[in-house]
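Participant: Give me coordinates for this.
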Amino acid sequence: MSTRICRVCKIEKPLSAFNKNYNKVAKKNYTLKKCKSCVGIDFSKYHREVRRFTKYGLTPEEGQKIVNIAGNKCEICGGTEKIKLRGKTRGLCIDHNHDTGHVRGLLCDRCNQGLGKFQVDSKYVYLLEKAMQYIKRKEQL
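Facilitator: Now for the predicted structure:
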């Protein structure tokens, strides 16, 4: 008996659990990618959250631990900024070291981009320190 993995619930099921559709151009039946029990259910938010952390080698539980530690706030400015991008709301960014892949925490988009502009990884931290010294020097004038 043939099986297929549902693209929504990620469970391997027999082909009978999937609806079939007829392709008029190819003149043949094909099996849909969503199983019958997942049709009409929006799992996209769940899978987006899971993918968000697994992309960095973390389990969903480890990812949730990072969210809990940060209190779902930016770890630099404390903001809970959510931005709209192409009509979708984006949450906090996952800050990570590009050399090692180590996840450092959650940042708002502004702080994440600021660190990115300074290439703040282990090799370039001194640039951020120099920028802070520059701002302090200029504010004293």
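Participant: Now do the contacts for the residue nearest the centre of the chain.
Facilitator: By Cα atoms, centre = their mean, the mean C-alpha position of the chain lies nearest to residue 52, the distance being 2.7 Å. By Cβ atoms under 8 Å, 6 or more residues apart in numbering, residue 52 lies in contact with 63, 94. Placement of C-beta: from N, CA and C, glycine included.
Participant: What's the mean pLDDT across the helix or strand hosting it?
Facilitator: Using DSSP states H and E, residue 52 maps to helix 44-54. On average, the pLDDT along helix 44-54 is 71.
Participant: In PDB, could you pull the C-alpha coordinates for the next helix or strand after that helix?
Facilitator: Per DSSP H and E, the first helix or strand lying C-terminal to helix 44-54 is helix 60-70. Extracted as PDB, the C-alpha positions of helix 60-70 are listed here (Å, rounded to 0.1, in the frame of the first residue of the first chain):
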ATOM      1  CA  PRO A  60      11.100  23.800  19.200                       C
ATOM      2  CA  GLU A  61      11.500  23.400  23.000                       C
ATOM      3  CA  GLU A  62      14.900  25.100  23.000                       C
ATOM      4  CA  GLY A  63      13.400  27.900  20.900                       C
ATOM      5  CA  GLN A  64      10.600  28.400  23.300                       C
ATOM      6  CA  LYS A  65      13.100  28.500  26.200                       C
ATOM      7  CA  ILE A  66      14.900  31.400  24.400                       C
ATOM      8  CA  VAL A  67      11.600  33.200  23.900                       C
ATOM      9  CA  ASN A  68      10.800  32.700  27.700                       C
ATOM     10  CA  ILE A  69      14.200  33.900  28.700                       C
ATOM     11  CA  ALA A  70      13.900  37.100  26.600                       C
END
